[in-house]
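[1] coordinates only, sequence not included:
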């Protein structure tokens, strides 16, 4: 199971249609929460997600529409008797923010919170996958996140192995692990003779709140799903630039440059009661585009 | 119009049935928000309330389930171009809390926020009504709030005025304002001769998060509606005491002592999927009791 569940697809001002930013990304048994706008914990429940699977909360930046739900969520996990450690990842400053809130509210949490401040690189290593981040271009230090499956070995060519005289059994496994074996006729057989090209892992990339930038394109390179800031339409391109956002068309151009499979527009301004104009301008540039909606789920 | 709209009737852990603490109290054109748990701004929209009428946000204390929605709400008002000043009232510490969040998030609001820290007394004077607070007993400094109509003059007895020979016209108004007049026969007529007893104003009192205490009873004295902490049932009275809360029966005993008209149990623990047992134990003590539910509205 590799999927994204949109918990909040709106921009700064939440509405009953679009709550503020939050995306849950699940890779097998591990769930990562990317951003945590106000009300995310209830959206999490509405989506039928399980708190027990939450491994990390990753905050892109400290603006309210991306972080105002964090304190409530972390407190709820504690009230629900969580004992497993939780990773909290964000740009530098997030540790102080959390410590200040705990001090003012006079409460903490009953589990270990492993706070990782980062400005780029892999921040979490999971089984067969990793979570990386990169600094984007939003005016304040803002991270994009990528949950990527590790590269998988190429397909094993059974017919080739038989033809080369490899004994059926443990030698198949050795070749798949990259070792060299001796065939039944005494010849040396290397993995390159029976394995296809390594298959790149699938990836889900999330870049909320950024101007178009090389860092976002590089993070999204070859992603299966690219969830990208599309706060405004082209008619507000100047406003998008001033406020550090993308237009829908700019998101689509980044998707094209990055060679992604699929684009999902998110962080939609509350002014767009109907987001079809944003979709239309993006589709002209990158056909495989959708507009995110709250509680939408995309399984790879 | 004098009414209370329950925006969140739950305790610390929000559920889809009960969000965390928030009550809107409307007196004519003025609305006061008492507590602001996470998600209050969306509950406000669901209740059909208008942000333009919001005069003050009053926070009982700094625990997350009473304040986690504050920052988002204040930011939304700013994004919605509010220009009118807003009062933010709370216990000492609320000013520093707000300043710290603005500093960490790197944003403020575009209207004047008139922060009033208080430990008791009238904090807001409105037309024909006032908002008072009092320190309760919750372990940390916690305020209860009362929105009270001013005492209204007694009813004017037209028959008595006629009998005493008061000229129909301006003298009626003078008597109602408490002045003395001269009758058509030259006699002196005082207001006490034509006015009934002064009528006490109606009041809505909210005390979330408190142990039973004299201060809560005094604040609730003769209230029309008393919205009171009833986190637990009597079977958890010890836990209620340890955590600084009331049981439903204790809330009902305070309602009886205070001589209120009507009791509304709120801050219901998430463990009570069915709150009827709480209602049952309260009703045994104080008959005119209801259990609050989200978006419930009570008009006096």
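    Sure, I can see it. No experiment lies behind these values; they were computed from the predicted model shown.

[2] now residue A:104, nearest residue through space, not along the chain?
    Ranked by Cβ to Cβ, 6 or more residues apart in numbering or on different chains and with sequence neighbours excluded, the top spatial neighbour of residue A:104 is residue B:97, at 4.5 Å. (Glycine included, C-beta is placed from N, CA and C.)

[3] mind checking what secondary structure that neighbour has?
    Classification of residue B:97 using DSSP: H, G, I helix; E, B strand; the rest coil returns helix.

[4] again, but for residue A:160
    With three-state DSSP as the criterion, residue A:160 reads helix.

[5] residue A:235 too?
    Going by three-state DSSP: residue A:235 is helix.

[6] just to revisit the earlier point, and for the residue nearest to residue A:104, the neighbour number?
    21 (other Cβ atoms under 10 Å in any protein chain shown).

[7] contacting residues for it?
    Under the criterion of Cβ atoms under 8 Å, 6 or more residues apart in numbering or on different chains, the contact list for residue B:97 reads A:104, A:105, B:62, B:67.

[8] just checking, the last one touches residue A:105?
    Yes - with contact defined as Cβ atoms under 8 Å, residue B:67 counts as touching residue A:105 (7.2 Å).

[9] more crowded one of those two?
    For residue B:67 versus residue A:105, neighbours defined as other Cβ under 10 Å are more numerous around residue B:67 (29 against 21).

[10] phi, psi for the more buried one please.
    Main-chain dihedrals, residue B:67, degrees, to the nearest 10: phi -140, psi -10.

[11] and it, how far is that from residue A:12?
    Residue B:67 sits 20 Å away from residue A:12 when distances are taken as Cβ to Cβ, to the nearest Å.

[12] residue A:99 now?
    From residue A:99 across to residue A:12, the span is 25 Å (Cβ to Cβ).

[13] confirm residue A:116 sits in a strand?
    Yes - Residue A:116 forms part of a strand when assessed by three-state DSSP.

[14] so how far is chain B from it?
    Distance from residue A:116 to chain B, counting by Cβ to the nearest Cβ, to the nearest Å: 18 Å.

[15] list the buried residues of stretch A:123-138.
    By 16 or more other Cβ atoms under 10 Å in any protein chain shown, the buried positions in stretch A:123-138 come out as A:123-124, A:126, A:129-138.

[16] next, count neighbours for residue A:187.
    Neighbours around residue A:187, by other Cβ under 10 Å: 12.

[17] and residue A:199, by the same measure?
    For residue A:199, the neighbour count with other Cβ under 10 Å is 12.

[18] with residue A:182 instead?
    Residue A:182, neighbours per other Cβ under 10 Å, totals 13.

[19] please name the bridge partners of it.
    Beta-bridge pairing for residue A:182 (DSSP bridges): residue A:188.

[20] contact partners for the closest residue to chain B within the stretch 101-250 of chain A?
    Using Cβ to the nearest Cβ, residue A:104 is the residue of the stretch 101-250 of chain A that sits closest to chain B, at 4.5 Å. Applying Cβ under 8 Å, 6+ apart to residue A:104 gives the contacts B:62, B:93, B:96, B:97, B:100.

[21] any chance of the residues you listed in a markdown table with pLDDT and distance to residue A:149 as columns?
    Converted to a markdown table, those look like this (pLDDT from 0 to 100; distance: Cβ to Cβ, whole Å):
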| residue | pLDDT | distance to residue A:149 |
| --- | --- | --- |
| B:62 | 97 | 43 |
| B:93 | 96 | 47 |
| B:96 | 96 | 46 |
| B:97 | 96 | 42 |
| B:100 | 95 | 40 |
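
[22] taking these together, which two end up most distant?
    Greatest spacing in the contacts of residue A:104, by Cβ to Cβ: B:62 and B:100 (11.3 Å).

[23] give me the more crowded residue out of those two.
    The residue with more neighbours, out of residue B:62 and residue B:100, is residue B:62; 22 against 16, by other Cβ under 10 Å.

[24] residue ranges of each domain in chain A, please.
    Per automatic domain parsing, the domain ranges recorded for chain A read A:2-152+A:200-299, A:158-193.

[25] buried ones in the last one?
    Buried residues in domain A:158-193, defined by neighbour count with 16+ other Cβ under 10 Å: A:161, A:164, A:166, A:171, A:172, A:175, A:181, A:183, A:189, A:191, A:193.

[26] any idea of the pLDDT on residue A:106?
    Predicted confidence (pLDDT) for residue A:106: 89.
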